[in-house]
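Chemist: Model the structure of this input:
(one chain, ligands or ions: 2)
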Amino acid sequence: MTANKPAKEGSMVESYRAAPDIEVLASNFPIPGYGQVAINAFVIKGSEPLLVDTGAAVDSKEFMPALRSVIDPADLKWIWLTHTDFDHIGSLHQLLAENPKLRVITTFLGVGIMGLFAPLPMDRVFLLNPGEKMTVGNRTLTAVRPPAFDNPSTTGFYDDKSGVFFSSDCFGALLSSVPQNAADLSDADLRDGQVFWETVDSPWLHKVDRSVFAKELDGIRKMAPKMVLSSHLPPAPGNMTERLLTSLSSVPGAQPFVGPNQAALEQMLKKMTHEPG
Ligand SMILES: [Fe+2]
Ligand SMILES: [Fe+2]
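Modeler: Ligands and ions are numbered 1, 2, ... in the order given. Predicted structure coming up:
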């Protein structure tokens, strides 16, 4: 992975290269007491440049300069919106306002959910369902519903040119620190971070029929991507896919996540007010 120059001093969104034509725009979101989670968007360069998601709402000021450091937003042709959560739509409307030719690839549900918050202009959307394909310049993108997700509009995709699977929230991990390559994580950090993330993000996995879930995971195994790019994990080279799938297969039987309750919150607040500095 080749680091690019930071977009500006102190920027919380940095950019680095995952593949010759794919840049990562990454920030780290701390979850006190639990670790950090990567929030990634991706720029796919080529004859019809495409941005995968648009950063977190909380990072919207930092996102645009980081994006400009890798591409002129006026050159973008497409935004692929994997889903409508706040960590994916941060700069969506600013980009649509700046570039009148830009269109958003999403689903009917994506349009519907955005309609409750900041409607998408209908002549600017392109609806693509899981299983459908579209041609974007010199590449064919196949829409894929990932095995785990936290929002019904979720659609990832497989890019035939790079061989990369863009998995949206699936394969995310809660980590103590976030490298620029998932291969730099220890087996235990990756497995535990992935399992914890999925129990938080997709708690319905505890209720699934495991044989049905195993078939879903098999679909990714057969895809054999050259790289997995998750919104919430550093880029994972293709020889890690089996490890990613093995971690995920254990989630249905893992300890369900229960967040801190009010008593725990009061303890935390007391500690914070009594600690110097
Ligand atoms: Fe999400
Ligand atoms: Fe997300």
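
Chemist: ok, the residue most central in space within the chain - contacts?
Modeler: Closest residue to the average C-alpha location of the chain: residue 231 at 1.5 Å, with C-alpha atoms, centre = their mean. Contacts here follow C-beta atoms under 8 Å, 6 or more residues apart in numbering; on that basis residue 231 touches 38, 39, 40, 41, 53, 82, 87, 88, 167, 168, 169, 172. Just so you know, the C-beta spots here come from the backbone N, C-alpha and C atoms, and that holds for glycine as well.

Chemist: Repeat the analysis, applying 7 Å as the threshold.
Modeler: Residue 231 makes contact with 39, 40, 53, 82, 88, 168, 169, 172, according to C-beta atoms under 7 Å, 6 or more residues apart in numbering.

Chemist: Next: residue 71.
Modeler: Contacts of residue 71 (C-beta under 7 Å, 6+ apart): 43, 45, 49.

Chemist: Ligand 2 contacts on the stretch 51-200 of the chain?
Modeler: Within the stretch 51-200 of the chain, the positions adjacent to ligand 2 are 87, 169 by C-beta under 5 Å from the ion.

Chemist: Kindly list the main-chain dihedrals of the residue in the stretch 51-200 of the chain that ligand 1 sits nearest to?
Modeler: When you check the stretch 51-200 of the chain against ligand 1 by C-beta to the ion, the closest residue turns out to be residue 85, at 3.7 Å. Residue 85 adopts backbone torsions of phi -70, psi 160, taken as degrees, to the nearest 10.

Chemist: quick one: the closest residue in space to residue 121 that isn't next to it in sequence from residue 114, how far?
Modeler: Once flanking residues are discounted, residue 121 sits nearest to residue 96: 7.4 Å by C-beta to C-beta, 6 or more residues apart in numbering. Separation of residue 96 from residue 114 (C-beta to C-beta, to the nearest Å): 11 Å.

Chemist: for residue 127, same thing?
Modeler: Going from residue 127 to residue 114 by C-beta to C-beta gives 13 Å.

Chemist: what about those two, which has more around it?
Modeler: When neighbours are counted by other C-beta atoms under 10 Å, residue 127 and residue 114 differ, and residue 114 comes out ahead with 20 against 14.

Chemist: Residue 267: helix or strand, and which one exactly?
Modeler: Using DSSP states H and E, residue 267 maps to helix 262-274.

Chemist: now the strands for the stretch 51-200 of the chain?
Modeler: Under the criterion DSSP state E, counting those that start in this stretch, the stretch 51-200 of the chain carries strands at the ranges 78-80, 103-106, 125-127, 133-136, 139-144, 156-159, 164-168.

Chemist: Brilliant, that's me finished.
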